[in-house]
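Novice: turn this into a model:
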Amino acid sequence: MHQTATGLVHSAPDLRTVMAHDADELASKLTNWQQSYDQISSGLFRGALTELRLPQLQVFRESLSQSVRQSCRVWPDAIWFGLPDHGASTRINGRQTEADRIMVQPGNVEFELVTPSAYSIFGIVASRELLAETARRYGSRIDWQRVQSAELLQVDAQAQAKCLRLLSQLLPAEGPAAGGHGGGDGPWQELLLGALIDMLDHSSVEPALAASLKRRRHVVSLAREYIMAHRGDSITVPELCERVHVSRRTLQYCFEDVLGMSPMLYLRMVRLNGVRRQLQDGGAIGDVAGAWGLSNFSQFSSDYRKLFGQCPSASLRSRSTAHALR
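Specialist: Take a look at the predicted model:
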C-alpha cells in the first residue's frame, strides 16, 4: 500500500481501490475508459473506485459523494452493464432509470450519465466474445444486437438481486477484503457471468425513444454545441433560445428532461468545471476564468467556492502538492 496524489491505492495483480477528491480525477482512473466528469451539486467531492480486471472482463464499483454529469466511452469490442446500488435513480442519455432497470452500452460509443449525490454504481464490462461464449455454454439465446442498442433493460428482480449480491461481495463498499480476489479467474468469474446471463435471459428492451424526447435531446445538443463553441463569451439564456430557435419555456423543459437541471445551472456548471479542469493543468486564475466567460472575478470566486467547497487558489495548491508527490 502506498500514497499517491489521489489517495490510498491497494494493489493486487487485478484488484485495486483508488480514492479521489476531484470528480474528473476519479474519471481518469477507470482502466481503458475515456471519461470526463463535471460536478453538479455543491460541496467537497469524495469518490472511490474499486476495480477488478481480467483480460476480457472488468468489474468495478464507483461511489460519488456529489451529483455528477459523466461523459463516458467503454473500451472497444465490449459491452457495459450498469447496476446502480439500491436502485438509485440515474439518467442515461436523458432517459430516467427505474429500480428494475439496468443500463447497457456497447464499447467505443460515447454516452452520458447524470448521477445523484451519495451515489454508488456497479459496472460489468465484458468482451463480446466472452459474453457470446458464456451464453452458448448456458444454452441462452440472447439477441446481442438488441441488447447493445437498448440503453435500458428491464430485468427480473430476483436475477438482479442475485447479481448485486455477488457484486457487493466482490467489491465491498469499504474496499478490498484481506487477501482480495487477486488470484486470477477463480470461481467468482463463472458465478458473476452466470448471474449476468441469467439477468439478460429474463430481460426486455425498453421501448424506443419517444419523438418528444428525441427532439428535446436535439435541442439540448444544439445548445451545448453553441456554449462550447463560444465558451469565452458571457452567454445568456435568452441568447441560447435565439440560437436554437425555441422559447425560454421550451429550453427549460428540454434541459430538465434530458439533464435534470435548468439551462442556467448547466451554464454555470460547465463553466466552473471547465475552469477547475484547466487549473489542474496550470495557469493564472483570472486568465482561465476569463477564457470561460467568467469576467466578474468576485462572483466567479464565490460561485467556485460554493460548488467545489474550496476557493480557486486551493485547486492550484492541490495541483502543486500532487506534482510534488509524484
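Novice: in this protein, which residue is most central in space?
Specialist: Central residue check for the chain by C-alpha atoms, centre = their mean: the C-alpha nearest the mean position is that of Gln70, 3.9 Å away.
Novice: my read: it touches Asp24, true?
Specialist: No - the criterion here is C-beta atoms under 8 Å, and Gln70 misses it with Asp24 at 9.9 Å. No exception for glycine: its C-beta is placed from N, CA and C like everyone else's.
Novice: shared neighbours, those two?
Specialist: Both Gln70 and Asp24 are in contact with Ser36, Tyr37, Asp38, where contact means C-beta atoms under 8 Å, 6 or more residues apart in numbering.
Novice: which of these tops the neighbour count?
Specialist: Tyr37 (26 neighbours; other C-beta atoms under 10 Å).
Novice: residues touching the residue nearest to the centre of the chain, list them.
Specialist: By C-beta under 8 Å, 6+ apart, the contact list for Gln70 reads Ala27, Gln35, Ser36, Tyr37, Asp38, Glu112, Leu113, Val114, Thr115.
Novice: closest to Arg141 among those?
Specialist: Checking the contacts of Gln70 against Arg141 with C-beta to C-beta, the nearest one is Leu113 at 29.9 Å.
Novice: these two touch, right, Leu167 and Glu62?
Specialist: No - under the criterion of C-beta under 8 Å, Leu167 is not in contact with Glu62, lying 11.8 Å apart.
Novice: the more surrounded of these two?
Specialist: Higher neighbour count among Leu167 and Glu62: Glu62, with 25 against 22, using other C-beta under 10 Å.
Novice: got phi/psi on the residue of the chain most remote from its centre?
Specialist: Most distant from the centre of the chain: Gly139, at 33.1 Å, with distances by C-alpha atoms, centre = their mean. Backbone torsions for Gly139, taken as degrees, to the nearest 10, come to phi 70, psi 30.
Novice: from Phe122, how far off is it?
Specialist: Using C-beta to C-beta, to the nearest Å, one gets 26 Å for the distance from Gly139 to Phe122.
Novice: next one: Ser71
Specialist: 20 Å.
Novice: repeat for Cys72
Specialist: 15 Å.
Novice: same question for Gln280.
Specialist: From Gln280 over to Phe122 (counting by C-beta to C-beta), the distance is 28 Å.
Novice: can you pull out the helices in the protein?
Specialist: Secondary structure of the chain (DSSP state H): helices at 23-27, 128-137, 144-148, 157-170, 187-201, 211-229, 237-244, 248-259, 263-280, 285-291, 297-308, 312-325.
Novice: burial count for the closest residue to Gln34 other than its chain neighbours?
Specialist: Once flanking residues are discounted, Gln34 sits nearest to Arg73: 4.1 Å by C-beta to C-beta, 6 or more residues apart in numbering. Neighbours of Arg73 under the rule other C-beta under 10 Å: 17.
Novice: list the contacts for Arg73?
Specialist: Trp33, Gln34, Gln35, Gly107, Asn108, Val109, Glu110, Phe111.
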